[in-house]
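> What follows is a predicted structure for the sequence shown.
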Amino acid sequence: MPAPALAVTAHLADNVRTMREARGLSQQQIAAQAGIPRATWTNLESGGANPTLAVLVRVADTLQVRLDELLAAPRQPGRHVPVSALPTRTRGQVTVRKLLPDPVAGLEVERLTLPPGARMGGIPHTPGTREYLTCERGTVELAVDGALYRLAAGDVVVFRGDQRHGYHNPGRVEAIAFSVIAFAPTAA
């Protein structure tokens, strides 16, 4: 068997076994759900099978994944992203670092570092957007459309993100805050 075919067979075996184990099912249980003999399932997991397309479709449907996910290289259980790889920008004296290394539709999570006395204006988002600000360390003042909220460590303010807003560190020590922005769904 050519090397690429061997790799796909190994991927299939690893993926099928990992996905079954993640569901806490035995080979007998999952084979019954898929409507295929247990021996066929065992051969899939051992890499000794040459399944038909119909069998692969049944397996994918039972595991609730796309067919290409069964054949792709197995996913790693996690991924380490060093701080240096996270997008960071500076707005005035405030450092804003994104905390999601991959785009997540409708969601943005950022870490704000505010030196003593620092201020930063927020950008109003589309109507229906919700924002959540939590203070991790120090003190952060949040001004939202004329209202002022003073956050100490652990406090959270939820507000409409489509309003004028701004951040300020009134203290004498660096403040750290986290901002979660849940964007309003856009019309398709």
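Arrived safely, thanks for sending.
> State the number of residues packed around the nearest residue to T139 once chain neighbours are set aside.
Excluding the flanking residues, the one nearest T139 by CB to CB, 6 or more residues apart in numbering is G171, at 4.4 Å. In this view, the C-beta of every residue, glycine as well, is placed from N, C-alpha and C. Counted with other CB atoms under 10 Å, the neighbours of G171 add up to 17.
> Using CSV, write out every CA atom in stretch 64-82.
Extracted in CSV, the C-alpha atoms of stretch 64-82 (Å, rounded to 0.1, in the frame of the first residue of the first chain):
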residue,chain,number,x,y,z
GLN,A,64,-21.6,12.8,14.3
VAL,A,65,-18.6,14.1,12.3
ARG,A,66,-17.9,14.9,8.7
LEU,A,67,-16.4,12.1,6.6
ASP,A,68,-13.2,14.2,6.1
GLU,A,69,-12.7,14.4,9.9
LEU,A,70,-12.5,10.6,10.0
LEU,A,71,-9.7,10.6,7.4
ALA,A,72,-7.7,13.7,8.5
ALA,A,73,-4.7,13.7,10.7
PRO,A,74,-5.9,13.4,14.3
ARG,A,75,-6.3,16.6,16.2
GLN,A,76,-4.0,17.4,19.0
PRO,A,77,-5.6,17.6,22.5
GLY,A,78,-4.5,21.1,22.9
ARG,A,79,-2.2,23.8,21.5
HIS,A,80,0.1,26.1,23.4
VAL,A,81,0.2,29.7,22.1
PRO,A,82,3.0,31.8,23.6
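> Give me the distance between that stretch and the centre of its chain.
The chain centre lies 14 Å from the centre of stretch 64-82; the measure is CA atoms, centre = their mean, to the nearest Å.
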